[in-house]
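Asker: take this sequence and fold it.
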Amino acid sequence: MKEPSGTINGITGLKSEKLTEPIHPSLEHPPASVAQAGQPTTTGQTAAGGDSLELHFDDHRFFTELVGQHDAHIRTIEQALGVRIGASGSTLKITGAHAEQALAGKILGELYDLLKRGYPIYTGDVEYSVRILRADRNAELKDIFLDQVYISANKRTISPKSVNQKAYVEAIRAHDIVFGIGPAGTGKTYLAMAMALAALMKNQVTRMVLCRPAVEAGEKLGFLPGDLAEKVNPYLRPLYDALHDMVDFDRARRMLERGTIEVAPLAFMRGRTLNDSFIILDEAQNTTSEQMKMFLTRMGYGSKAVITGDVTQIDLPSGKLSGLKEARTVLADTPGIKFVHFSERDVVRHRLVQAVITAYESFNGDRTMPEPAAESRTIKG
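Answerer: Below you'll find the predicted structure:
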């Protein structure tokens, strides 16, 4: 016998005896504001080839946004979980193994909830949702995606896209020095810049300073054309690109001219004290031990620093110890300093970037390559 189930995140209906796991365990008794919003319906049924799950949605506009253009969003879930999702009217029918059915239902229900809360869903968000909830089925997408960090120049909301990114944002809010360490594409620098711009716009700081070490990755600065500024500028271009993605070009130019935002090579930080500033050091794996200590001691009153880097992409000369690697050991237990580590699961670039990182990690893990011997040195204060 089937019996009526409760309303779950806008999904109300029936559940079969075999389908005992609720789609939204944490929303089995949703808050009144959610339950009253005009909800879809859930029905668990036994089909000819096994169990299926039907989701009935009450708002056609949100339903259209949920499935995506040409059903792209539900195709993404199908490919990721190995289920089949059929769409008819405002109903989705999910067939497949029980666990994957339940996960697909949870993903779709939580994405629908995000849409009703005003959060636009893109294909990338669907991919991140699958990754998050597959790793932790107790996670709540709204707790991650709705943590708004900044609204970019093109009106796009910048927010965390993974559990580690959420932890990173919270660490930056709570600590004055935060290290974000992990592979390329995990949002370390981008989120730090969004947090810095948000602090600047709220007058929590008076200046935003972005810096990078000018370390050659196979080229020599001396052979590049132009004066020193022109030689160094290509190393800073990624920071300008991220800045212009968040702030319109004219406004960014004015802020750069006034010195409200400063983009400079790390060497230019020596001898300075930065008060009431949000300071970001990017590509920190290419700092030496002395440079890292120099940077960390530039902080003045009311300042916050975020240091980002990938210890698998060090371009220092052979035998040079990375300042980021050393800081990870030296400062690990220092109160007020937080380390957040990212993995390939946090990559928010093209889906193949995650595959590339995983493949290289696996390849390097199968080889025994000795690390270069660290230089012994005395660090002068």
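Asker: I'd like to know how many residues surround D143.
Answerer: 11 (other C-beta atoms under 10 Å). Placement of C-beta: from N, CA and C, glycine included.
Asker: check which helix or strand covers K325.
Answerer: K325 is part of helix 323-330 when elements are defined by DSSP states H and E.
Asker: quick one: the helices in the stretch 201-350 of the chain, in order.
Answerer: Along the stretch 201-350 of the chain, the segments classed as helices by DSSP state H, counting those that start in this stretch run 228-246, 249-258, 289-296, 323-330.
Asker: quick one: the ones you listed as CSV, columns for distance to F342, mean pLDDT and mean neighbour count too.
Answerer: Below are those laid out as CSV (distance: least, C-beta to C-beta, whole Å; pLDDT from 0 to 100; neighbours: other C-beta atoms under 10 Å):
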stretch, distance to F342, mean pLDDT, mean neighbour count
helix 228-246, 17, 76, 15
helix 249-258, 27, 91, 13
helix 289-296, 19, 94, 19
helix 323-330, 13, 95, 19
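Asker: distance to N275 added to the ones you listed, as TSV?
Answerer: What follows is these, written out as TSV (distance: least, C-beta to C-beta, whole Å):
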stretch	distance to N275
helix 228-246	22
helix 249-258	17
helix 289-296	15
helix 323-330	22
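Asker: so which of the ones you listed comes closest to E344?
Answerer: The minimum distance between E344 and those falls on helix 323-330, with 18.8 Å, by C-beta to C-beta.
Asker: still on that earlier bit, touching the helix holding K325 from outside, list them.
Answerer: 179, 181, 284-285, 287-293, 296, 307, 309, 311, 314, 339 (C-beta atoms under 8 Å, 6 or more residues apart in numbering).
Asker: so how far is it from its chain's centroid?
Answerer: Taking C-alpha atoms, centre = their mean, to the nearest Å, one finds helix 323-330 lying 23 Å from the centre of the chain it belongs to.
Asker: run the angle between that helix and helix 289-296 for me.
Answerer: Here helix 323-330 runs at an angle of 80 degrees relative to helix 289-296 (axes from the mean of the first three to the mean of the last three C-alpha atoms, to 10 degrees).
Asker: R134: which element?
Answerer: R134 belongs to helix 123-135, assigned by DSSP H and E.
Asker: wait, which of the helices of the stretch 201-350 of the chain is closest to L115?
Answerer: Among those, helix 228-246 sits nearest to L115 (C-beta to C-beta), with 24.2 Å.
Asker: any stretches of the protein with poor pLDDT?
Answerer: 1-50, 153, 215-232, 351, 365-381 (pLDDT under 70).
Asker: ranges for the strands of it?
Answerer: 3-4, 14-15, 41-47, 50-56, 84-88, 91-95, 150-151, 157-158, 177-181, 207-212, 261-265, 277-281, 304-309, 337-341 (DSSP state E).
Asker: the fourth one pairs with which strands, parallel or anti?
Answerer: What that stands for is strand 50-56. strand 41-47 (antiparallel), strand 91-95 (antiparallel) (DSSP bridges).
Asker: chain center to that strand, what's the gap?
Answerer: Centre to centre, stretch against its chain (C-alpha atoms, centre = their mean), the figure for strand 50-56 is 32 Å.
Asker: okay, the angle between it and strand 84-88?
Answerer: 40 degrees.
Asker: tell me which residues of strand 50-56 come out buried.
Answerer: 51-56 (16 or more other C-beta atoms under 10 Å).
Asker: looking at these, which is nearest L200?
Answerer: L55 (42.9 Å).
Asker: surely that closest one meets L92?
Answerer: Yes. If you go by C-beta atoms under 8 Å, L55 and L92 touch, sitting 4.5 Å apart.
Asker: what's opposite I280 in the beta bridge?
Answerer: Going by DSSP bridges, I280 forms beta bridges with L210, V306.
Asker: just checking, it touches G309?
Answerer: No. I280 lies out of contact with G309 (C-beta under 8 Å); the separation is 11.3 Å.
Asker: picking that back up, the helix holding R134 - contacts with which helices or strands?
Answerer: Judged by 3 or more C-beta pairs under 8 Å, 6 or more residues apart in numbering; DSSP states H and E, the packing partners of helix 123-135 are helix 72-81, helix 98-116, helix 141-145.
Asker: what's the closest of those helices to L236?
Answerer: helix 141-145 (30.8 Å).
Asker: for the closest one, which positions count as buried?
Answerer: Within helix 141-145, judged by 16+ other C-beta under 10 Å, the buried ones are 141-142, 144-145.
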